[in-house]
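# Have a look at this prediction, sequence included:
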Amino acid sequence: MADNIAVKVENLTKGFPDLKVLENISFDVETGENLVVFGKSGTGKSVLLKCIIGLMKPEAGRIFVHGADVLNISIKELNEIRKNIGFLFQGAALYDSMSVRQNLEFPLKRNFSFTQKEIDGKIDRTLELVSLSEAVDKMPSELSGGMKKRIGLARAIITEPQLMLYDEPTTGLDPITSKEISELIINLQNHLKMTSIVVTHDLMCAKIIADRAIFLRDAKIAYEGDIESLTNSDDKFLKNFFSFDLIKES
Amino acid sequence: MNLPRLKFSGKLSTSDKLYNFFATLTGLAIFTTEFFKQVFIPPFEIREIKKHMDELGVKTFGIVSITGIILGLVLTMQSQPVMQRFGASDFLPAMVSISVVRELGPVITALIFAGRVSSGIGAELGSMRVTEQIDAMEVSAINPFKYLVVTRIIATTLILPILTIYVMVIAIMGGYIAVIIVENMNFAYYQSAVVSAVQFGDLIPGVAKTFVFGFIVGIVGAYKGYSTEGGTEGVGKASTTAVVLSSLIILIFDTILVKITVWLWPTI
Ligand SMILES: Nc1ncnc2c1ncn2[C@@H]1O[C@H](COP(=O)(O)OP(=O)(O)OP(=O)(O)O)[C@@H](O)[C@H]1O
Ligand SMILES: [Mg+2]
């Protein structure tokens, strides 16, 4: 496989009892590319991300991350791959028995051998990136929904992984913060050459970050291309999906 | 590790319930096997184990203290008239202490512990499961089973024997209080009566089985929590069924262990 492919999904099929979620999905993400995944609620976007990171086992298909066949390797090898992947959960999934600082420290202390000073430095810098330096000693229960999301983001990027999987990074944030987060994603791409797969409904965010987008519908990739071609499409369904934005612009 | 999924949606028919019963037993067996597979592999997470033991100790200290005192009081007050009728009042300390050490102390402490702790573990791990915190650990390349489950089970297994010995002491003290309410007996006499009645052979099986009970509390709570499905409602269910199931299994194992003890120490 070519070196410039970070993630390759081949004929992925995943369902639940009485429910087809993904059927025969194939796509590639190049190294350093930001791929946006669109789709109506319940079409399987989160499921797709979870398959890529190995949290869910698909019924069929193959998934390669940085060349490794993640469905057919040992848990030990999979964990080596995972150390290089950041995952932002749709619900942030902060460890609620740990403070913000401990949440951020956790992956660093467990998987890497940084000194405490280096760790503290990383925590300060990462929290600054998500504009939440003041929350460092708070517990997750003391944070608002949007703050949780940003801490979740900080926890995912603090290890500077080469691949980031974002599940709705800007949902629940105000437009300004949402724009800041989108710019942060672009910065990570530029500075760390990070590859990203971003699930989002937020068109502004997508417009800022997307190099390319795919659109899931009825368990398939219904559309694929750059953002302009999707938003300017004459297709009735797409027009309808992006119509909120069209009203605003016209 | 692939745990069987229970049926939980809607109204369950009898066959569904039967299915769930066997699925739970299978799940527990798989879970226990996984525990023994992982417990001997480093890292041992000593710090986590210590933290959980501290928490468990603090959490249950009050309730087991009260239980211990009352156990001693009630047992003595209940037996006193009968013993007196047979002119065997002198045997009261021996009778109370042997009952407490061999059977009542371990079982009652274990049941109280199960009520307090396996529900707690079930709820804690259950809510971590439904809010994807366990998944988050997994994607961070950290083994959640080892970090969350193994440490808790070791902690419950080690702390329950300590609590039980404490309850035994407290209950025997409670017994003394009950004795001096009705008759005059000095503490030195009571003490020497207890010490000469309780032999090491009584203490060993009594304490040994609490390791088993502690393990049961940990494994059932962790299994129920770890396999939680169905959102917050599932968390509630996990924590209540953990108590029922662990208490039941403790009683079943107690019956078996009593039989084994009698067989191993036939003289007493
Ligand atoms: N663990 C599960 N068990 C059963 N069904 C599931 C499970 N997880 C997801 N599903 C189903 O799979 C489908 C896709 O879910 P998914 O969470 O991927 O949607 P989504 O595209 O991320 O939606 P949203 O934008 O609302 O987050 C849904 O219909 C959901 O009911
Ligand atoms: Mg989703």
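Arrived safely, thanks for sending. Ligands and ions are numbered 1, 2, ... in the order given.
# can we go C-alpha only for contacts and neighbour counts from here?
Fine.
# OK, contacts around residue 140?
The chain I'm using is chain A. Contacts for A:P140 (Cα atoms under 8 Å, 6 or more residues apart in numbering or on different chains) come out as A:L94, A:Y95, A:D96, A:M98, A:S99, A:V100, A:K148.
# not what I meant, chain B
A:N79, A:R82, A:K83, A:G86, A:P107.
# can we see that at 10 Å?
A:79-87, A:106-108, A:110-111, A:155-156, A:159, B:134 (Cα atoms under 10 Å, 6 or more residues apart in numbering or on different chains).
# Now do the contacts for the residue in the stretch 151-268 of chain B that ligand 1 sits nearest to.
Nearest residue of the stretch 151-268 of chain B to ligand 1: B:E229, at 8.5 Å (Cα to the nearest ligand atom). Neighbouring residues of B:E229 by Cα under 10 Å, 6+ apart: B:R5, B:L6, B:K7, B:F8, B:G126, B:S127, B:R129, B:V130, B:V235, B:K237, B:A238.
# swap in B:L163?
Residues near B:L163 by Cα under 10 Å, 6+ apart: B:L56, B:G57, B:T60, B:F61, B:V64, B:S65, B:G105, B:P106, B:T109, B:A110, B:F113, B:T210.
# Indicate the residue of chain A located nearest to ligand 1.
Closest point on chain A to ligand 1, by Cα to the nearest ligand atom, is A:G44, at 3.0 Å.
# Please report the number of neighbouring residues for that residue.
Using other Cα atoms under 10 Å in any protein chain shown, A:G44 is surrounded by 21 other residues.
# circling back to that earlier point, most widely separated two among the contacts of B:E229?
For these, the farthest-apart pair by Cα to Cα is B:K7 and B:S127; their separation is 19.0 Å.
# I figured B:D254 hits B:A208, correct?
No. Look at B:D254 against B:A208 with Cα atoms under 10 Å: they stay out of range, at 11.3 Å.
# quick one: common contacting residues for those two?
Each of B:P106 lies in contact with both B:D254 and B:A208 under the rule Cα under 10 Å, 6+ apart.
# Which residue ranges of chain A form strands?
A:5-16, A:19-30, A:34-39, A:60-65, A:68-69, A:85-88, A:163-167, A:195-199, A:212-217, A:220-225 (DSSP state E).
# and the shortest one, what does it pack onto?
This means strand A:68-69. Packing contacts for strand A:68-69, counted by 3 or more Cα pairs under 10 Å, 6 or more residues apart in numbering or on different chains; DSSP states H and E, involve strand A:5-16, helix A:75-82.
# coming back round to it: please flag which of the contacts of B:L163 sit within helices.
Cross-referencing the contacts of B:L163 against helices under DSSP state H gives B:L56, B:G57, B:T60, B:F61, B:V64, B:S65, B:G105, B:P106, B:T109, B:A110, B:F113, B:T210.
# Could you dump the residues you listed into TSV and include pLDDT and distance to chain A?
Listed next are those as TSV, based on pLDDT from 0 to 100; distance: Cα to the nearest Cα, whole Å:
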residue	pLDDT	distance to chain A
B:L56	94	15
B:G57	92	18
B:T60	94	20
B:F61	94	22
B:V64	94	26
B:S65	95	28
B:G105	93	33
B:P106	94	31
B:T109	95	28
B:A110	96	26
B:F113	96	22
B:T210	95	29
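# quick one: which of these is nearest B:S247?
Nearest to B:S247 among those, counting by Cα to Cα, is B:A110 at 8.1 Å.
# That closest one: neighbour count?
Under the criterion other Cα under 10 Å, the count of neighbours that B:A110 has is 30.
# show me what contacts it?
Per Cα under 10 Å, 6+ apart, neighbours of B:A110: B:64, B:104, B:116-117, B:160-161, B:163-164, B:209-214, B:216-217, B:246-247, B:250-251.
# One more: A:I157?
A:I85, A:G86, A:F87, A:L88, A:L104, A:T126, A:I151, A:L163, A:M164, A:I185, A:L188, A:M194.
# Compile the residues you listed into a markdown table and extend it with columns for neighbour count, distance to ligand 1 and pLDDT.
As requested, the contacts of A:I157 are exported to a markdown table (neighbours: other Cα atoms under 10 Å in any protein chain shown; distance: Cα to the nearest ligand atom, whole Å; pLDDT from 0 to 100):
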| residue | neighbour count | distance to ligand 1 | pLDDT |
| --- | --- | --- | --- |
| A:I85 | 25 | 19 | 94 |
| A:G86 | 25 | 17 | 94 |
| A:F87 | 26 | 14 | 95 |
| A:L88 | 27 | 13 | 95 |
| A:L104 | 29 | 24 | 95 |
| A:T126 | 23 | 26 | 93 |
| A:I151 | 29 | 19 | 94 |
| A:L163 | 29 | 19 | 94 |
| A:M164 | 24 | 16 | 94 |
| A:I185 | 24 | 20 | 88 |
| A:L188 | 20 | 24 | 84 |
| A:M194 | 23 | 23 | 90 |
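# Now do the same for A:Q189: its pLDDT.
pLDDT for A:Q189: 86.
# pull the longest helix from chain A.
In chain A, assigned by DSSP H, the helix with the most residues is helix A:175-192.
# Using neighbour counts, pick out the buried residues of that helix.
A:T177, A:S178, A:K179, A:E180, A:I181, A:S182, A:I185, A:I186, A:L188, A:Q189 (16 or more other Cα atoms under 10 Å in any protein chain shown).
# What is that helix packed up against?
Partner elements for helix A:175-192 (3+ Cα pairs under 10 Å, 6+ apart): strand A:34-39, helix A:116-129, helix A:145-157, strand A:163-167, strand A:195-199, helix A:203-209.
# The same query, at a cut-off of 8 Å, please.
Applying 3 or more Cα pairs under 8 Å, 6 or more residues apart in numbering or on different chains; DSSP states H and E, we find helix A:175-192 packed against helix A:203-209.
# can you give me how far the helix it packs on is from the chain middle?
Relative to its chain's centre, helix A:203-209 lies at 14 Å (Cα atoms, centre = their mean, to the nearest Å).
# so does that helix get close to ligand 1?
No. Figure legend: helix A:203-209 not in contact with ligand 1 (Cα under 6 Å from any ligand atom); closest approach 13.6 Å.
# ok, A:F242 to A:I52 distance?
To A:I52, A:F242 is 27 Å away according to Cα to Cα, to the nearest Å.
# who's more crowded, the two?
Higher neighbour count among A:F242 and A:I52: A:I52, with 22 against 17, using other Cα under 10 Å.
# Return the distance of the closest residue to B:Q38 other than its chain neighbours relative to B:P42.
Closest residue to B:Q38 apart from its sequence neighbours, by Cα to Cα, 6 or more residues apart in numbering or on different chains: B:K146 at 6.8 Å. B:K146 sits 9 Å away from B:P42, taking Cα to Cα as the criterion.
# hmm, back to that, how about the ones in helices among the contacts of B:L163, which pair is most distant?
B:L56 and B:G105 (18.2 Å).
# what about the residue of the stretch 151-268 of chain B at minimum distance from chain A, how many residues close to it?
Scanning the stretch 151-268 of chain B for the residue nearest chain A gives B:G231, at 13.0 Å (criterion: Cα to the nearest Cα). Neighbourhood size, B:G231 [other Cα under 10 Å]: 13.
# re the thing from before, how about the residue of chain A closest to ligand 1: what's its closest non-neighbour residue?
Counting by Cα to Cα, 6+ apart, the residue nearest A:G44 is A:V21, at 5.6 Å.
# Right, I'll call it a day here.
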